[in-house]
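1. Here is the input, now give the coordinates:
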Amino acid sequence: MPRKRLIVHLGYHKTGSSSIQQWLQDHVSELKPHLACYNLVDGSANPLKFAAHALSMGRIGPEEFRQRAEEWAAEFRTLPQPVICITDEGLPGLPLGSLTQDYRETGIYPKAPLIVRLMAEAFAEFDPVFVVFEREAEPWLKSVHNQMFKQGCVAEDYWSFIDHYKPEVDWPAFRAELAAAVEAGSKGRGSLVACGFEEEFAKSAVRDMTFFRLLDIPEALMARCRPQLAHINPSVPLVAPPPARLPALVLGGANSMQQGGWVNLLRRYFTQLVEIRNLSSGAGTTAMGLYRFLSTPDRAPGAAVFWEYGVSEYHHLNGGQPLDSLLYHVEWLIQLCIRENRPLIPVLMCNRTQVGRADDPYVPALRRLFASYGVPILDVPMLLTVLARGEYRPDEWYKNNVLYKTDTPLPERVAEYAMMMHRQGRPPVQRPERAAHFDPLDLSLKVPENAPASVFEKFSPPISFVPFGDGPEIALSGRALAAMIVTSGSGPAIEVDPGTGDSPPPLSTQIQSGPGVPERQFRQIVLGNDPQGLAVEGALTIRPVAGDTQPRVQTMFVWEPAAAPDQRADNGLAAVLCEIPRNRD
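-> Numbers count the residues shown, from 1 in each chain. Purely as a prediction, here's the structure:
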C-alpha cells in the first residue's frame, strides 16, 4: 500500500487561510477520492486546535498534547485517501492580543515550535509537510489588530496595540525555529514549506499555488473544481465609532449658573459629547456641593464631577470660615470621587478682589491639595492671562466682584478647556496617609427624626424640612460638618446641642430680606470650630434661642432682629452633613 502523505497548513492568522479553507470545503465531494481534509470551516480540525490552545495557555502539558496527536495519527491510518490535509490557523497557537477566558496572548505564537515538534513526532510516519504563509510585517500586524479589535479582545488603536505588545516580526528566524522543530520531531522525515503571502495570492489560478501543488490533486479532479479562490473574511479598515456622550455633574456657584456662562455653553455647543447635570447653587461652598452630590441618588455611575466653588469659598474664608475647614470639605469630595471612580475636574475661578493679590492663602493651598491627589485644574486666572496676552484689566472681564462677564471670549474658552479635560479625565489618585484617615469614615446626610412639617417648593428638587420651633433632632454619633437649612429674613438665632454637654455659641440663621431678594433661601451653616466639624454623641438637636441673644454670624447671614418679619414657621432644618464610622457590610 502506498504511504500516506500529510499536509499540515498552520496559517498564520490573516494570511488567506479562510480563502484556502473555503475552497477545500466547497470541493469536498470532488476531492474525496484523493484527499481527506480536516478543516476549520466544518470544525473537523477543532479537537487538535483546541489541544494546541490548551498547551499554549499552560492547561495541558506536552505529553498530553502528543498523546492527542497520536490519536489523530491512528485515525489517519484507517483512511482510504492517499493525501490527508489539516488546515487551521489556530494550530500554532492564539494570535497576538487574543483574550480567552483569563489568558491573554502577548507574543507571536510563543509555543509554536513546541507544538510543531510534538505534531511532527506523532505524524512522522506520514512524512508531514508543514505549510505557513508569511506576510509583510506591518500589513500583517494591522490585520491581526483589526481582527482582535472586531472580536472585542482589544479596544486600543493600532499604534497603541504596537506600543503595548512591542511585537518583533522576524519571519526568517521564526521559520528556522519551526524547521528545526519539524526536523527534530520527525527525525528528518518531515519538512517545512514557507510561502510568501503576497506572491502566492497574486497567482491567478489555484493549480499554480504552492500549497495546492503540495496536495498533488490529480488533473481530472482539479478540472472539476473552481479555478480561483474566493476572497473570504478580508480585513477592512476599522471605522472609529462616534465619540461617546459622557455624563458629568457640575457642583458650583453663581458662575456655573449664568445664562451664557461656561456650563450653559457646554450644553449648547457640546451636547453630542457631554450630558450635563447641573447641581450648582449660589452662595455655597463645597459643603453645599457635598449635600447636592449625596442627595442625588441617581447620579450616573462614573460621571465626572466639575467643581467650581473658588469664588464663593474665598468669600467665606474672608467671612471667618477657617481655611482648613474649607479644604477638608474639598478633600471629602476628592475621597468620594476616588470611591466612586469619578474623574474630578476643578474649574478654579477667582473673584475680582483676588486678582493680583500676593497674600491670598486660599488658592495656593487649594492648588497644593489637588496636586497632591494628581488632579489637574482648569486655571481660569491663567487662562485669562493667556487670552489677554499678558496682564489683564479685571473690569474688562468681570461683571461684578463675583461674576465673570458673558460677552467676552472667556466663557467659551472655559467650556472648551473643560470639555477637553472631561474627555481625558481620570479619578484622583489616593494618598496612603490620607486613606488611613478617610477609609474608616463615611460621609452621610442625616435628616431630622421629626416628621417634616414644611416643604421649600422653590428649590429644585423641593426640600422637606422641620421648623426650628419644632426642635429638629437627628440621631447621630459622629461629627457634624454642616447644617443645611431653609431660612428667610425671619431666621432665628439657634442653639446646636451635640449631646456632649458642651454646646457651641448660638448661630444666626437670618438672611437679608427686602425688594429683589428671594423671600426664602436654602443655605448652609458650618458647625463647630474644628475643620472636622462638631463632635456629636447620640443626637444633635437644634432649638431657637429666645431673648436678647447675640449669635455668631457666618458668611451670607445677618443679625438684625428688629427688621425680621414674623414668619418663623418658614425656617428650619433640612439635613446635616456628617462624618460617621464606615459600614463595611
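
2. lowest-confidence helix or strand of this protein?
-> strand 454-456 (a mean of 86; mean pLDDT, DSSP states H and E).

3. That one - which strands sit beside it in the sheet, and in what orientation?
-> Next to strand 454-456 in the sheet, as set by DSSP bridges, lie strand 463-467 (antiparallel).

4. The following helix or strand past the strand it pairs with: how far from the chain's middle?
-> Remark: after strand 463-467, the chain's next helix or strand is strand 473-475, criterion DSSP states H and E. Computed by CA atoms, centre = their mean, to the nearest Å, the separation of strand 473-475 from the middle of its chain amounts to 39 Å.

5. List the contacts of the nearest residue to P428 once chain neighbours are set aside.
-> With sequence-adjacent residues excluded and distances taken as CB to CB, 6 or more residues apart in numbering, P428 is closest to Y373, at 4.0 Å. For every residue, glycine as well, the C-beta is placed using N, CA and C. In this structure, Y373 makes contact with I334, I338, P428, V429, Q430, R431, judged by CB atoms under 8 Å, 6 or more residues apart in numbering.

6. So which bits of stretch 253-262 are buried?
-> If you call a residue buried by 16 or more other CB atoms under 10 Å, then stretch 253-262 has these buried ones: G253, A254, N255, S256, M257, Q258, G261, W262.

7. correct me, but the third one touches G310?
-> In this case it means N255. No - the criterion here is CB atoms under 8 Å, and N255 misses it with G310 at 9.1 Å.

8. Could you list the low-pLDDT ranges of this structure?
-> Residue ranges of the chain with pLDDT under 70: 1-2, 235-236, 563-569, 584-585.

9. Domain boundaries for it, per the record?
-> Using automatic domain parsing, the domain parsing of the chain gives 5-222, 246-438, 441-581.

10. Kindly reformat these as JSON lines containing distance to Q228.
-> Listed next are the domains of the chain as JSON lines, based on distance: least, CB to CB, whole Å:
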{"stretch": "domain 5-222", "distance to Q228": "6"}
{"stretch": "domain 246-438", "distance to Q228": "46"}
{"stretch": "domain 441-581", "distance to Q228": "69"}
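
11. Of the ones you listed, which is nearest V239?
-> domain 5-222 (10.8 Å; CB to CB).

12. how far out from the middle of the chain is that closest one?
-> Centre to centre, stretch against its chain (CA atoms, centre = their mean), the figure for domain 5-222 is 38 Å.

13. State the distance spanning the first to the last residue of it.
-> One end of domain 5-222 sits 18 Å from the other (CA to CA, to the nearest Å).

14. Stretch 127-145 now?
-> Length of stretch 127-145, first residue to last, CA to CA: 35 Å.

15. Show me where the stretch 1-150 of the chain has its strands.
-> Using DSSP state E, counting those that start in this stretch, the strands of the stretch 1-150 of the chain run over residues 5-11, 35-39, 83-87, 99-100, 103-104, 129-134.

16. For L24, find the nearest of those.
-> In terms of CB to CB, the element of the strands of the stretch 1-150 of the chain nearest to L24 is strand 35-39, at 5.2 Å.

17. Pairing partners for the closest one, with directions?
-> If you go by DSSP bridges, strand 35-39 pairs up with strand 83-87 (parallel).

18. Dump the partner strand to PDB, keeping only the CA atoms.
-> C-alpha atoms of strand 83-87 as PDB (Å, rounded to 0.1, in the frame of the first residue of the first chain):
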ATOM      1  CA  VAL A  83      -3.400  12.500   1.000                       C
ATOM      2  CA  ILE A  84      -4.500  14.000   4.300                       C
ATOM      3  CA  CYS A  85      -4.700  17.700   5.000                       C
ATOM      4  CA  ILE A  86      -5.200  19.600   8.300                       C
ATOM      5  CA  THR A  87      -5.900  23.300   7.800                       C
END
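
19. quick one, it and strand 5-11 angle?
-> Put simply, strand 83-87 runs at 10 degrees to strand 5-11, going by axes from the mean of the first three to the mean of the last three CA atoms, to 10 degrees.

20. Can you add mean neighbour count and distance to P411 and give the strands of the stretch 1-150 of the chain back as a markdown table?
-> Below are these laid out as a markdown table (neighbours: other CB atoms under 10 Å; distance: least, CB to CB, whole Å):
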| stretch | mean neighbour count | distance to P411 |
| --- | --- | --- |
| strand 5-11 | 24 | 58 |
| strand 35-39 | 22 | 64 |
| strand 83-87 | 23 | 64 |
| strand 99-100 | 13 | 45 |
| strand 103-104 | 14 | 46 |
| strand 129-134 | 23 | 58 |
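
21. Mind putting those strands into CSV with distance to L48?
-> Supplementary listing: those in CSV, determined by distance: least, CB to CB, whole Å:
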stretch, distance to L48
strand 5-11, 9
strand 35-39, 7
strand 83-87, 7
strand 99-100, 17
strand 103-104, 19
strand 129-134, 13
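
22. Which stretch among these approaches D530 most closely?
-> When the strands of the stretch 1-150 of the chain are compared by CB to CB, strand 103-104 sits nearest D530, at 50.1 Å.

23. Remind me what that closest one packs against, helices and strands.
-> Helices and strands touching strand 103-104, as assessed by 3 or more CB pairs under 8 Å, 6 or more residues apart in numbering; DSSP states H and E, are absent.

24. Please identify the pairing partners of that strand and their relative orientation?
-> Paired strands of strand 103-104, with direction, are strand 99-100 (antiparallel) (DSSP bridges).

25. quick one: contacts of the strand it pairs with?
-> The contact list for strand 99-100 (CB under 8 Å, 6+ apart) reads H53, M57, L94, E105, C153, V154.

26. Over to stretch 48-67?
-> Stretch 48-67 is contacted from outside by 38, 40, 68-69, 72, 86, 88, 90-94, 100, 103, 105, 110-111, 114-115, 118, 121-122, using CB under 8 Å, 6+ apart.

27. can you check stretch 180-189 too?
-> 113-114, 116-121, 123-125, 127-128, 130, 190-192.

28. Check which element follows the host helix or strand of L249 along the chain.
-> Applying DSSP H and E as the criterion places L249 in strand 246-252. As assigned by DSSP H and E, the chain's next helix or strand after strand 246-252 is helix 262-269.

29. I'd like to know which elements that next one is packed against.
-> strand 274-278, helix 410-424.

30. in the first one, what counts as buried?
-> Judged by neighbour count using 16+ other CB under 10 Å, the buried positions of strand 274-278 are V274, I276, N278.

31. Look at T408 and say how many residues are nearby.
-> 16 (other CB atoms under 10 Å).
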